[in-house]
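Colleague: Sequence and computational prediction follow.
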Amino acid sequence: MTDHLLEVNNLNIRFNTSEGTVCAVNDISFAISPGETLGLVGETGAGKTTTALSIMKLVAQPPGEYHGGSVLFDGKDILQETEGRLRHIRGKDIAMIFQDPMTALNPVMRIEDQIAEVIKLHTDCSAAEALIGAAEMLETVGIPADRGKEYPHQFSGGMKQRVVIAMALACSPKLLLADEPTTALDVTIQAQVLDMIRDMRVKLGTSMLLITHDLGVVAETCDRVAIMYAGEIVEQGTLEQIFHRVAHPYTIGLFGSLPSLDKKVERLNPIVGLMPDAANLPEGCKFHPRCPKARRYCAQVHPELSPAMSWGDDGGHPVRCHMFAAPEPYEASEPLGLVDGLFDEDFTGNMNMAYLLEGKIGRRDEDGADVPQGADVHQGACLPQDPGGQRDGASATGSGTNVTVGASDPEDVAGADTQPAGAPTTTLLEVRNLKKYFQTPSGMLHAVDNVSFTLDRGKVLGVVGESGCGKSTLGRTILGILDATDGQVLYAGEDITHAKGRRRKELQKKMQIIFQDPYSSIDPRMPVWRLIADPLLANGMYRKGKELTREVYRLMDTVGLARRLSGAYPHELDGGRRQRIGVARALALNPDFIVCDEPVSALDVSIQAQILNLLQDLQAEKNLTYIFVTHDLSVVKHISDDILVMYVGSMVEKSHTDALFEAPLHPYTKGLLSAIPVANIDVPKQRILLQGELQSPIEPAPGCRFANRCSYATPECAAAEPPFEEVMPGHFVACHKVREINAL
Amino acid sequence: MKKQAKRHGQLYEIVKRFSKRKIAVVAFFVLVVMLALCLGAPIFAPYDYALQDPFNTLAMPSWQHPFGTDGFGRDIFTRILYGGRNSLLISLFSSLISVVGGGIIGAISGYYGGKTDNVIMRLVDVFMAIPGILLCVVISAALGTGPWQTCAAVAIGGIPGGARILRAQVLALRKQEYIEAAGAYGSSDMRIVLTHVVPNCLAPVIVDTTLRLGMNIMMISGLAFIGLGVQAPHAEWGAMLNSGREYIRDFWPLITFPGLAIVISMLGFNLFGDGLRDALDPKLKT
């Protein structure tokens, strides 16, 4: 019939919930040819997973409901197939890889039996033959066949994901659905797994639908890309079309939110606001409340997918935007844009922060409810269920000065925030040979081993490493949340390693922490104002009353939280707002020094960019000193002055940020940098693939901890621990071979 | 202003979720009626609970005596109301004591962990090893008979269970980052437990209390049945059952009505507790 392997036509999926009908997937069409990889990109809640599940007809009914459309696989409509037929197709012709390898395997079954089960189900072979097939599959994904006798808990995360992939590929499916297959993995392991998936595709000729939020992964894996937003495809094209002739404002926003590895960007350019709730989608274009190019027409008429003809000589690619679909009425209607105040107040707060702190803009009276312009404006943007009202409110009050200043020209605001002049560059924090060991049943776990550095006041140190490298433990040990095993922490010259009681309480006011997970780091039973007030109350700095309310409102303004949210409970808020609570709470005691423990890794890209900008602004404004702990090198790049790379508890490299990115000296740093998927298809990447897995931090062998993965390693490396020495001015490396490798 | 509105909102949500469970709502109203009747026994009861009528013993239900009279000619309906008052009050007090006492022990055990936890939990294990009813029998045999003694026996028997429940909750909560965060900004242990740990443990504890109320009624009646609880002439459901035992073949009302009272109250508390558990479960929040 067609030469497409899979054709999804006008697929609609709705969920009937107690809150009403949720349109999770709206009128989606795409096709995948044999051997092709399509990337489905979008933020949380865009409907990516639902789309993938519907291809196997796995959306639970009820509450799910297919509302028209077809899924043609090999010319047959999956949605019309019987359950019996579907069972043959699932796993044999179409296979799926799920996001979390930790839960995708049965913990009480041997690895080989789990793979063999899939083979037995779909082929007429004996148990023995199935086991042989399983062993072959294991070898193909790079796991020695004899390890098939082991159980899942004996495998690391990366190896489990390989097993999951082996199970998916066991019956040589024609189509592979991969739902964020590498999101739960470390960067270097992600690079290995992506490499393997690419290999497999070439070897077996499998088509693939790759679901991801990471444009970097897309750039390295896919042939074509479809961008999803609020249940619709907003742009679709080849890799080249999307990356070079990007047309839809949302896609442009996604690219703008990405911290880049190869360019030095001063500020990220996030998309304002939040994705609308699928139960309350706005009228017209679903993206218009967040779109900088929105005009009145966008709010009224829903745009169709139409080719962006003017964008290339290849016939253009489909884009769901009036700018291309209906240029005449679009041009004719008045622009709404962000100037009109159609953005989340959170975001203005962020942008206007410099002004707010200096009291240049009185945004709200103490009540927080009665100033008409601000209130209407942000209500509009926060509550997409009332687009009409929002539009009216916004245009009626569009003249609000605060609003216009912030949004129309962020550059101005950024420029206006004056650096505190003559900030003294004294050493604020000094860490000497810090060690933190944990006693575990199988031996001493060296979480932090011999870490030393100094940090000047007002500077940002990025601590980077993969999971289990001790970076979070380092932050907590410095703060005294964990008791150091050995070594010293000096704060403003004073040894605070084992400070207790009153002195510790004093220090806690100066040294704060922002946690990774905005879901578990704030008390679910407290309203927002109480959460922010808690540090103040705990330290007896305020009593409940007017003073406290004023202080809480001031903090909420500082982090860009709308005052109207002061009574809301955490479960009513999204991750970005929750993280703002975490930031406000850390700022409440007016600290000098903050440990940011992966503050953005649990957030979507566009929200991540908002929080990063906020942290950066606060740092500059208050001359704060940060230790920014993260696994994502691209995130720290534009916020850190110095970067410390850690590997299995020990330091491997420390240098000024620019120097580190330009010329990493340690082989691990080189591998880490090259493992990061880059959202750029022009620069052919030379990949240094790190083989193997991280060494266990429990009773580590003497010698270089990276030796087992290092391609330059010699017996000498495994024998003696490399010294952490200054190889170039300000550039420290712990490697025996650093001079040979880098020809210094 | 706004804050109150929101807080009210959360309670409203719980009530809304609870009201969706029809059986639980029915159970709730049955319990309310029973509680009102029993606690208001002096008002609602037609006779005095100890008033004997030697000329009208073992009377079948009639308009004068809706549930009939017992072997001493006392009105059974009256005695069920008064008996319920005893059972429910003792059950309420003993449940509160076990939940609060057990809760404090469990919270300390879970929050401090390590050796403290080990010592406390091994003691709890020793108590748990003895069947609940046997423990109560032993304690009330030692303490003597009477309402307060029964209350103490049932309460002490329930403490280990209460400790277990709160300890499990606290253990799970202790790993949450907001507890760590509270420590990082200088909250004292006491403050962390009172403002962060306890409020987050409340839901399962409330549910445990309602289920325990039903269980304790059973326990109290059981003790009274074997002669260890409330003594005559005071009324008690279990004691009434015991006295009805002699007439089980000839006179059904004396054993049927107290039995029904026990069944209905237990069923009521259990169904209400189940409904409450679903309503309070944050995972069901949308």
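Modeller: Cool, got the structure. Numbers count the residues shown, from 1 in each chain, chains lettered A, B, ... in the order given.
Colleague: Now do the SS call for residue B:94.
Modeller: Per DSSP: H, G, I helix; E, B strand; the rest coil, the secondary structure class of residue B:94 is helix.
Colleague: residue contacts, it?
Modeller: Residues in contact with residue B:94 (C-beta atoms under 8 Å, 6 or more residues apart in numbering or on different chains) are B:150, B:151, B:152, B:154, B:155, B:158, B:216, B:220. Glycine gets a C-beta too; all of them are placed from N, C-alpha and C.
Colleague: Restricted to helices, list those residues.
Modeller: B:150, B:151, B:152, B:154, B:155, B:158, B:216, B:220 (DSSP state H).
Colleague: from the residues you listed, which are also near chain A?
Modeller: Contacts with chain A are made by none of the ones in helices among the contacts of residue B:94, judged by C-beta under 8 Å from any C-beta of the partner chain.
Colleague: just curious, which of these is nearest to residue A:478?
Modeller: When these are compared for distance to residue A:478 (C-beta to C-beta), residue B:158 comes out closest, at 45.7 Å.
Colleague: Just give the number of residues close to the closest one.
Modeller: 27 (other C-beta atoms under 10 Å in any protein chain shown).
Colleague: so what's it closest to, chain neighbours aside?
Modeller: Residue nearest to residue B:158 in three dimensions, not counting chain neighbours: residue B:98, with 3.0 Å by C-beta to C-beta, 6 or more residues apart in numbering or on different chains.
Colleague: Next: residue B:27.
Modeller: Residue B:27 sits nearest to residue B:271 (C-beta to C-beta, 6+ apart), 3.7 Å away.
Colleague: My reading is that that neighbour lies in a helix. Confirm?
Modeller: Yes: applying three-state DSSP, one finds residue B:271 inside a helix.
Colleague: show me the contacts for it.
Modeller: Counted by C-beta under 8 Å, 6+ apart, residue B:271 has contacts B:23, B:24, B:26, B:27.
Colleague: Let's see that with 10 Å instead.
Modeller: B:21, B:23, B:24, B:25, B:26, B:27, B:28, B:30, B:31, B:210, B:214 (C-beta atoms under 10 Å, 6 or more residues apart in numbering or on different chains).
Colleague: Roughly how far does the fifth one sit from chain A?
Modeller: Residue B:26 sits 22 Å away from chain A, going by C-beta to the nearest C-beta, to the nearest Å.
Colleague: I figured that residue was touching residue B:268, is that so?
Modeller: Yes: Residue B:26 lies in contact with residue B:268 (C-beta atoms under 10 Å); the separation is 8.8 Å.
Colleague: Neighbour count for these two, which is higher?
Modeller: residue B:268 (25 against 14).
Colleague: now the more buried one: how far from residue A:170?
Modeller: Distance, residue B:268 to residue A:170, using C-beta to C-beta, to the nearest Å: 55 Å.
Colleague: And residue B:206, by the same measure?
Modeller: 50 Å.
Colleague: Next: residue A:513.
Modeller: Note on residue A:513: its distance to residue A:170, by C-beta to C-beta, is 45 Å.
Colleague: For the residue located most distally from the centre of chain A, which residues are in contact?
Modeller: Distance from the C-alpha centroid of chain A, by C-alpha atoms, centre = their mean, peaks at residue A:126 (44.6 Å). Contacts here follow C-beta under 10 Å, 6+ apart; on that basis residue A:126 touches A:120, A:132.
Colleague: Check what pLDDT it gets.
Modeller: With respect to pLDDT, residue A:126 has a value of 86.
Colleague: What about the nearest residue to residue A:458 once chain neighbours are set aside, how many residues nearby?
Modeller: Leaving aside its sequence neighbours, residue A:458 sits nearest to residue A:623 (C-beta to C-beta, 6+ apart; 4.5 Å). Counted by other C-beta under 10 Å, the residues lying close to residue A:623 total 15.
Colleague: List the backbone torsions phi and psi for residue A:623.
Modeller: phi 50, psi 50 (degrees, to the nearest 10).
Colleague: which residues in the stretch 451-600 of chain A form strands?
Modeller: According to DSSP state E, counting those that start in this stretch, the stretch 451-600 of chain A carries its strands in the segments A:460-464, A:486-491, A:494-495, A:511-514, A:593-597.
Colleague: Dump those to a markdown table, plus mean pLDDT.
Modeller: Shown next, in a markdown table, are the strands of the stretch 451-600 of chain A (pLDDT from 0 to 100):
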| stretch | mean pLDDT |
| --- | --- |
| strand A:460-464 | 93 |
| strand A:486-491 | 91 |
| strand A:494-495 | 88 |
| strand A:511-514 | 92 |
| strand A:593-597 | 92 |
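Colleague: Quick check: beta-bridge partners of the residue nearest to residue A:665 when sequence neighbours are not counted?
Modeller: Counting by C-beta to C-beta, 6+ apart, residue A:665 lies nearest to residue A:733, which is 4.7 Å off, once chain neighbours are set aside. For residue A:733, the beta-bridge partners are residue A:653, residue A:725 (DSSP bridges).
Colleague: ok, residue A:733 - contacts?
Modeller: A:645, A:651-655, A:664-669, A:722-727, A:739, A:741-742, A:744.
Colleague: Can you tell me the number of residues neighbouring residue B:43?
Modeller: Using other C-beta under 10 Å, the number of residues around residue B:43 comes to 9.
Colleague: Mind listing what's buried along the helix or strand hosting it?
Modeller: Residue B:43 is part of helix B:41-44, with elements assigned from DSSP states H and E. Buried residues in helix B:41-44, counted by 16 or more other C-beta atoms under 10 Å in any protein chain shown: residue B:41.
Colleague: Could you tell me how far that helix lies from the centre of the chain?
Modeller: Taking C-alpha atoms, centre = their mean, to the nearest Å, one finds helix B:41-44 lying 22 Å from the centre of the chain it belongs to.
Colleague: Pop the domain breakdown of chain A in here.
Modeller: With domains defined by automatic domain parsing, chain A comprises A:1-93+A:175-187+A:204-247, A:104-172, A:281-408, A:499-744.
Colleague: would you list these in a markdown table and tack on distance to residue B:275?
Modeller: Below are the domains of chain A laid out as a markdown table (distance: least, C-beta to C-beta, whole Å):
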| stretch | distance to residue B:275 |
| --- | --- |
| domain A:1-93+A:175-187+A:204-247 | 17 |
| domain A:104-172 | 34 |
| domain A:281-408 | 31 |
| domain A:499-744 | 21 |
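Colleague: rank the ones you listed by mean pLDDT and give me the bottom one.
Modeller: Between the domains of chain A, the one with the least mean pLDDT is domain A:281-408; it has a mean of 53.
Colleague: Can you name the residues that contact residue B:110?
Modeller: Contacts here follow C-beta under 10 Å, 6+ apart; on that basis residue B:110 touches B:116-117, B:120-121, B:163-164, B:166-174, B:193, B:197, B:201.
Colleague: and those, which of them are in helices?
Modeller: B:116-117, B:120-121, B:163-164, B:166-174, B:201.
Colleague: Check which helices and strands the host helix or strand of residue B:134 is in contact with.
Modeller: Using DSSP H and E, residue B:134 falls within helix B:132-143. Judged by 3 or more C-beta pairs under 10 Å, 6 or more residues apart in numbering or on different chains; DSSP states H and E, the packing partners of helix B:132-143 are helix B:114-129, helix B:147-174, helix B:198-225.
Colleague: so for that helix, what's the average pLDDT?
Modeller: 86.
Colleague: Contact residues of the stretch 51-200 of chain B facing chain A?
Modeller: B:173, B:175-188, B:191-192, B:195-200 (C-beta under 10 Å from any C-beta of the partner chain).
Colleague: just the buried members of those residues?
Modeller: B:173, B:176-187, B:191-192, B:195-198, B:200.
Colleague: Can you list phi and psi of residue A:176 for me?
Modeller: In terms of degrees, to the nearest 10, the main-chain angles of residue A:176 are phi -120, psi 130.
Colleague: what sits against it?
Modeller: A:37, A:94-97, A:165, A:168-169, A:197, A:200-201, A:204, A:206-210.
Colleague: now residue A:142
Modeller: A:158, A:159, A:162, A:165, A:166, A:192, A:193, A:195, A:196, A:199, A:691.
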